[in-house]
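Novice: Test case, fold it:
(chains A and B)
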Amino acid sequence: MYELIGVWCAVLLTLSIFSYLYGDNPFYKAAEHIFVGVSAGYIFTITFWDTIWPNLFGRLFPSYVKAGFEFDITYIFPFILGVFMLFRLSKKYDWLSRISIAYIVGMMAGLKFYVFLNSNLLTQIKSSTINLSGTYYNIINEVIVLIGVISGLVYFFFSKEHTGVIGKVSRIGIYFLMIKFGASFGFAVMGRISLLIGRFEELIEFSKPEYYYSTPVILVVIILILSYWAFNENNHVVEE
Amino acid sequence: MYKLKNIFIYLGQLDRRYIFLLIALSVLIPLMKPGLLNIPIKTTSNSEIVFEQLNNLNKGDKVLVSFAYGASTKPEIHPMSIAVLQHLFSKGIKVYTVPLWPEGLMMAKYALKEVIESNLFDIKEHTDYVSLPYKAGGEIIIRGIATDLRSIFTQDVNNILLIDIPMMDGVHKVTDFDFIFDLSAGVPGNAEWVQFACDEHNVPLSSGCTSIMVTDAIPYVESGQIRGILAGMPGAAEYEQMVFKYLSDLRDSEILNENTPIVPGKATSRMSAQSIAHLLMVIFIILGNISYYLEQRRND
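Specialist: So this is what the prediction gives:
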């Protein structure tokens, strides 16, 4: 029974979101708001019970929470910083939240700086060098990569006007960037079609008698209500 | 010729809702009539590298599988997560799942459930796999797993203490795993695994990700920081094919349960719809460009 209710809800919400393809309408709006509300509630609940409760309170009150951690007084600092964040809701004391934000920004900046330098800069520079002992195919590939890296970097070099040699090299950089954007667009289309296939597959599955033909029934109901709504809207516009 | 030009210009001004309808039909028809078009799936080198990497692991090796995707990207990632789990369990590898997204918890649960219910393998919780719970923090959690897993996780998803689970003996940090497999649809995902754990601690990593992430992840693949990549639904279909063939070859061995059918995964059956929709998109792009060019010339 519960599965059936879930299926009908899933079909109704999916078709409500798809109804945006026709235009903005109450079904779409309702589905959007439900999604935001449910997501926020789910994330809040799971974050509290899976992270804050065992990892923070589990260290401050180990005998009560029983999460397997030992008492650790240093966790009073993250607790205080967490409470400070809640002061964003107060106009008078919202400055306290900036201390917590400063901590997060400082800590993440330091951490990111190191890992980015190591994984994205040094390793990527190393991998864009040409290995002359490789096969011809690999050498040609590596030369293309190197040209792309250099011309791409020159394109983003704004301290000198893009004329002469720099202009020509940056032009090559633009072509490489265009190819990258084209590939990204192609992959984005592929991804979106995949998601559409996933939803359609479930809608087809839920059209079966064991689900009481939920997809066609809800589709017809939505079309009828939307038609009535659109008709009323048109009349309203004509009257105005 | 004049008439043809006008047709192209008219097509460029077509109401977008007709295009939506055509795309919907191009996806719906192959899904409703699966036998209508069978497009062969050819494996690419990146998918083959992933397969080889996991295939080279030995019985009893420990693999951490990270679930960083949710319901919105399930059609792309879920088929590959099932194929990867089937491959790992068929080799007797110990699997540790960790969700890095709130919905990843459910995705890991559903993927494991599907593999268990297929009855292909005799797998038991805490003997063959351990499910770790979701912890908020993204890359900080990856950093924590890299340095001291027990400082973040003390219980599994069923609130059983890790010290009471024999499979967790000797598992304290990322270097205690033989391989990391990332299934991701955004941040945190494969880039964060590279940056915060695998590069620094020299642990092999492979990834299966959404199509949209591929162009950003390819530099890591080219440099060897990620060992092969499964790119979206086609990547999942390719991996399913390889695992299907691998499991079919094992049919008479003791590894698989007798009389349980080996079926190809969902991504394979979805590829016809994907290919037709792509073809239609290419036609739209060509027609759109011709129409735009002709209209510009007419206006000049």
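Novice: Point out the other helices and strands that the helix or strand of chain A with the lowest mean pLDDT packs with.
Specialist: Least confident helix or strand, chain A: helix A:214-239 with a mean of 89, by mean pLDDT, DSSP states H and E. Counting contacts by 3 or more CB pairs under 8 Å, 6 or more residues apart in numbering or on different chains; DSSP states H and E, helix A:214-239 is packed against helix A:2-18, helix A:26-47. C-beta here means a position set from N, CA and C on the backbone, and glycine is covered the same way.
Novice: Can you tell me which of these is most buried?
Specialist: Most buried of the helices and strands packed on helix A:214-239 by mean neighbour count (mean count of other CB atoms under 10 Å in any protein chain shown) is helix A:2-18; its value is a mean of 16.
Novice: May I have that one as CSV, with CA atoms only?
Specialist: The C-alpha trace of helix A:2-18 is given here as CSV (Å, rounded to 0.1, in the frame of the first residue of the first chain):
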residue,chain,number,x,y,z
TYR,A,2,2.8,2.4,1.0
GLU,A,3,4.7,1.5,-2.1
LEU,A,4,1.6,2.4,-4.2
ILE,A,5,1.3,5.8,-2.5
GLY,A,6,5.0,6.4,-3.2
VAL,A,7,4.6,5.5,-6.8
TRP,A,8,1.6,7.8,-7.3
CYS,A,9,3.4,10.6,-5.6
ALA,A,10,6.5,10.0,-7.7
VAL,A,11,4.5,10.0,-11.0
LEU,A,12,2.5,13.1,-9.9
LEU,A,13,5.7,15.1,-9.0
THR,A,14,7.6,13.9,-12.2
LEU,A,15,4.7,14.9,-14.5
SER,A,16,4.2,18.2,-12.5
ILE,A,17,7.9,19.1,-13.2
PHE,A,18,7.6,18.0,-16.9
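Novice: so it versus helix A:214-239, what angle?
Specialist: Following axes from the mean of the first three to the mean of the last three CA atoms, to 10 degrees, one obtains 40 degrees for the angle between helix A:2-18 and helix A:214-239.
Novice: ok, and does helix A:2-18 reach over to chain B?
Specialist: No - applying CB under 8 Å from any CB of the partner chain, one finds helix A:2-18 separated from chain B by no less than 8.7 Å.
Novice: Smallest gap between chain A and chain B, at which residue?
Specialist: Closest approach of chain A to chain B (CB to the nearest CB) occurs at A:G198, with a separation of 2.4 Å.
Novice: which ones are touching that residue?
Specialist: Contacts for A:G198 (CB atoms under 8 Å, 6 or more residues apart in numbering or on different chains) come out as B:74-76, B:270.
Novice: quick one: which helix or strand includes it?
Specialist: Taking DSSP states H and E as the definition, A:G198 sits inside helix A:164-205.
Novice: Next: B:S206.
Specialist: Per DSSP H and E, B:S206 falls inside strand B:205-209.
Novice: Which positions in that strand come out as buried?
Specialist: Residues B:205-209 are the ones in strand B:205-209 that count as buried (16 or more other CB atoms under 10 Å in any protein chain shown).
Novice: After it, which helix or strand is next?
Specialist: helix B:211-222.
Novice: Can you show me the CA trace of that next one as CSV?
Specialist: Output of helix B:211-222 as CSV, limited to C-alpha atoms (Å, rounded to 0.1, in the frame of the first residue of the first chain):
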residue,chain,number,x,y,z
SER,B,211,28.6,12.9,-18.4
ILE,B,212,28.8,16.6,-17.5
MET,B,213,31.8,15.9,-15.2
VAL,B,214,33.9,14.1,-17.7
THR,B,215,35.6,17.0,-19.4
ASP,B,216,36.8,18.3,-16.0
ALA,B,217,37.9,14.8,-14.9
ILE,B,218,39.8,13.9,-18.1
PRO,B,219,43.0,15.8,-17.2
TYR,B,220,43.3,13.6,-14.1
VAL,B,221,42.7,10.5,-16.2
GLU,B,222,45.4,11.6,-18.7
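Novice: do that helix and chain A meet?
Specialist: Yes - among the residues of helix B:211-222, B:211-212, B:214-215, B:219-220, B:222 lie within reach of chain A under CB under 8 Å from any CB.
Novice: Please find the angle between the direction vectors of that helix and helix A:164-205.
Specialist: Using the same axes, to 10 degrees, helix B:211-222 lies at 130 degrees relative to helix A:164-205.
Novice: roughly how far is helix B:211-222 from the heart of the chain?
Specialist: Taking CA atoms, centre = their mean, to the nearest Å, one finds the center of helix B:211-222 at 13 Å from the center of the full chain.
Novice: Does anything pack onto that helix? Which helices or strands?
Specialist: The elements that helix B:211-222 packs onto, with contact taken as 3+ CB pairs under 8 Å, 6+ apart, are helix A:123-127, helix A:164-205, helix B:190-193, strand B:229-231, helix B:232-249.
Novice: quick one: B:R270 and B:P79, what's the gap?
Specialist: The gap separating B:R270 from B:P79 is 8 Å, by CB to CB, to the nearest Å.
Novice: Likewise for B:H278?
Specialist: Distance from B:H278 to B:P79, by CB to CB: 18 Å.
Novice: cool, and A:V7?
Specialist: Applying CB to CB, the value for A:V7 to B:P79 is 21 Å.
Novice: Also B:F67?
Specialist: Applying CB to CB to B:F67 and B:P79 gives a distance of 14 Å.
Novice: What is the neighbour count of A:I222?
Specialist: 19 (other CB atoms under 10 Å in any protein chain shown).
Novice: do B:P99 as well
Specialist: Counted with other CB under 10 Å, the neighbours of B:P99 add up to 28.
Novice: what sits against it?
Specialist: Counted by CB under 8 Å, 6+ apart, B:P99 has contacts B:66-68, B:105, B:107-108, B:132-134.
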